[in-house]
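Student: coordinates for the following, if possible.
(one chain, ligands or ions: 1)
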Amino acid sequence: MTMPERKALRIVFPGDVVGVAEEFIAGDGLEERDGFIYATRPGLLEVNMYTRTAYVLFHKPVKIPRKGDRVLARITNVERNLIYVKVFALESKKGVLPLDLSGYLIPPPGRRLRKEDIIRAKVVSPSTPLILELSEPDLGIIFTICPNCLSELRLSGSRLVCRNCGHTERRKIAKNNWFKRVRRS
Ligand SMILES: [Zn+2]
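Tutor: Residues are numbered from 1 along each chain as shown. Predicted coordinates for the structure are as follows:
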């Protein structure tokens, strides 16, 4: 009997460098460019050490989130009264579990959200379809791009700043270090 394979999952965002081409083969959700491997979608990175292949997991729902659970989601469409999301991860005691479920976000009053924002949210529906909300301080945006030039926005104090075009804005950011702080040179 072989030991079950231990999988270290970590959250990646589009554009993240996840390794170099000599380390492993770029599978689903990854691409190789100039010797580096980049994530092309948000999700959970899995590296299979036997086949030396890495993927961004997408289609392996392990568990259905329940009311009160924290999830990570990508905003797919924004309408006046409804925001459509794809939930790609569930926080659990065992770590972050991959998911691929559609759902809705209750629009926070006065808070702007845009397509492709990535959020940490709380589930408020008892089952599917998942309904999410952002009312607590550690819920909100964890990754977003500049509306002018599509560069990644960085957190500077309580504002988001684009280092490419100088755009700044205040958004509903998830507090307590949930907002992405990965340095890229
Ligand atoms: Zn910009």
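Student: mind listing what the lowest-mean-pLDDT helix or strand in the chain pairs with, with the direction of each?
Tutor: Here the helix or strand of the chain ranked lowest by mean pLDDT, DSSP states H and E is strand 10-12, holding a mean of 81. As defined by DSSP bridges, the strand partners of strand 10-12 come to strand 43-48 (antiparallel).
Student: list the buried residues of the partner strand.
Tutor: 43-47 (16 or more other C-beta atoms under 10 Å). For glycine as for every other residue, the C-beta is placed from the backbone atoms N, C-alpha and C.
Student: the ion: which of these is nearest?
Tutor: If you rank those by distance to the ion using C-beta to the ion, residue 43 comes first, at 24.4 Å.
Student: run through this protein and note the low-pLDDT ranges.
Tutor: Within the chain, the segments meeting pLDDT under 70 span 1-9, 58-62, 181-185.
Student: so which of the buried residues of strand 43-48 reach the ion?
Tutor: Residues of the buried residues of strand 43-48 in contact with the ion (C-beta under 5 Å from the ion): none.
Student: near the ion, which residues of the protein show up?
Tutor: Residues of the chain lying near the ion (C-beta under 5 Å from the ion): 146, 148-149, 151, 162, 164-165, 167.
Student: domains in the chain, by residue range?
Tutor: 10-57, 70-139 (automatic domain parsing).
Student: tally of neighbours for residue 142?
Tutor: Residue 142: 22 surrounding residues under other C-beta atoms under 10 Å.
Student: now do the host helix or strand of it: which elements does it pack against?
Tutor: For residue 142, the host element (DSSP states H and E) is strand 140-143. Applying 3 or more C-beta pairs under 8 Å, 6 or more residues apart in numbering; DSSP states H and E, one finds that strand 140-143 contacts strand 118-123.
Student: in the sheet, who's paired with residue 104?
Tutor: residue 84, residue 131.
Student: give the helix, strand or coil label for the closest residue in space to residue 27 that isn't next to it in sequence.
Tutor: In this structure, residue 27 finds its nearest non-sequential neighbour in residue 55, 3.9 Å apart by C-beta to C-beta, 6 or more residues apart in numbering. Following DSSP: H, G, I helix; E, B strand; the rest coil, the label given to residue 55 is strand.
Student: buried residues in the least confident helix or strand of the chain?
Tutor: 11-12.
Student: I am finished for the moment; much appreciated.
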